[in-house]
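>>> sharing a sequence plus its predicted fold:
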Amino acid sequence: MSHLTSEEIFQLLDGLLETSEQELLSQHISMCVRCRREVELHRAIDGVARRQPLVKPSARFTTTVMQRIVAHDEESILYRVLRRSGGASPW
Ligand SMILES: [Zn+2]
């Protein structure tokens with residue numbers, strides 16, 4: 001059997017594999033130092049990521065994002081009008 005792919009490692013750690021496939025990969029991992037280290041590394045990274053607290057956005061987050069989206073759209077419209085009229089871009 002060839003070494004595990006990243007996809008197989010993610011699926012294994014997330015418990016997304018069929019039992020027979022999981023057993024096959026686990027058997028390979030028990031004999032292959034390279035794949036065992038790779039799985040341990042991904043498991044450690046996953047553990048660190050899960051222990052991080054969720055960041056709660058500020059109360060103004062949605063408003064600020066929406067303002068930026070609207071401003072971007074307005075800039076895009078202005079830019080198109082200027083290009084169509086042959087004017088130089090102010091940017
Ligand atoms: Zn291997």
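Happy to help now that I have it. Numbering: from 1, shown residues only.
>>> can you spell out which helices and strands pack onto the helix or strand in which residue 71 is found?
Element membership for residue 71 (DSSP states H and E) is helix 61-84. With contacts taken as 3 or more C-beta pairs under 8 Å, 6 or more residues apart in numbering; DSSP states H and E, helix 61-84 sits against no other helix or strand. The C-beta positions use only the backbone N, C-alpha and C, and glycine is treated the same way.
>>> what residues sit buried inside that helix?
Going by neighbour count (16 or more other C-beta atoms under 10 Å), nothing in helix 61-84 comes out as buried.
>>> per-residue pLDDT of residue 32, please?
pLDDT, residue 32: 97.
>>> skipping adjacent residues, who's closest to it in space?
Nearest residue to residue 32, sequence neighbours excluded (C-beta to C-beta, 6 or more residues apart in numbering): residue 3, at 6.7 Å.
>>> roughly how far apart are that neighbour and residue 28?
Residue 3 sits 8 Å away from residue 28, going by C-beta to C-beta, to the nearest Å.
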